[in-house]
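K.L.:
after the sequence you'll find the predicted model.
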Amino acid sequence: MTEYIQCFACGAKSLNIDGEVHKYMLSSPGCWVMFTEVLAREYSDLTYWKGHQFTVDAYACQHVRKKEDRRALNSVNIHLVSLYCIFELGLGQEEAPKLRAKFSQFHKGKNSLEWLERV
Ligand SMILES: [Zn+2]
């Protein structure tokens with residue numbers, strides 16, 4: 001058995017293991033494990049906390065399940081808006097969770113978000 005494989009969603013080298021993944025983000029189990037390890041480090045050491053918003057937004061955007069899954073469609077839109085506001089509009093990272101919550105609440109139940117094709 002190969003020890004490492006490439007995550008089919010993001011291309012990262014990850015452990016070739018069986019296991020659980022997120023409910024509506026699609027990844028190899030090894031990539032999911034790496035993501036949760038990064039989150040654990042961010043939560044346990046404030047040195048790493050300042051990158052937390054980027055970690056969450058980037059991982060969510062790179063591990064999108066099928067567009068027919070409304071949760072996946074909403075998730076990628078929310079995380080892309082968050083990245084856009086941080087990088088293009090200068091939103092502080094500490095404001096990103098509030099922005100995502102408001103964006104999500106505004107669009108809740110409306111089915112107003114659309115699938116964004118990769119270019
Ligand atoms: Zn991945």
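P.N.:
Everything's here; your move.
K.L.:
pLDDT score for the nearest residue to V21 once chain neighbours are set aside?
P.N.:
The shortest distance from V21 to any non-neighbouring residue, by Cβ to Cβ, 6 or more residues apart in numbering, is to W32 (4.5 Å). Backbone N, C-alpha and C define where each C-beta goes, glycine included. Looking at W32, its pLDDT stands at 97.
K.L.:
where does L91 sit: helix, strand or coil?
P.N.:
coil (DSSP: H, G, I helix; E, B strand; the rest coil).
K.L.:
hang on, it packs against L99?
P.N.:
Yes. Using Cβ atoms under 8 Å, L91 is in contact with L99, at 6.4 Å.
K.L.:
about what we covered before: surely the residue nearest to V21 is in contact with D18?
P.N.:
No. Using Cβ under 8 Å, W32 makes no contact with D18, being 11.3 Å away.
K.L.:
returning to that earlier point: got any residues that touch both of L91 and L99?
P.N.:
Residues touching both L91 and L99 (Cβ atoms under 8 Å, 6 or more residues apart in numbering) are 82, 85.
K.L.:
how about the residues of this protein by the ion?
P.N.:
7, 9-10, 12, 27, 31 (Cβ under 5 Å from the ion).
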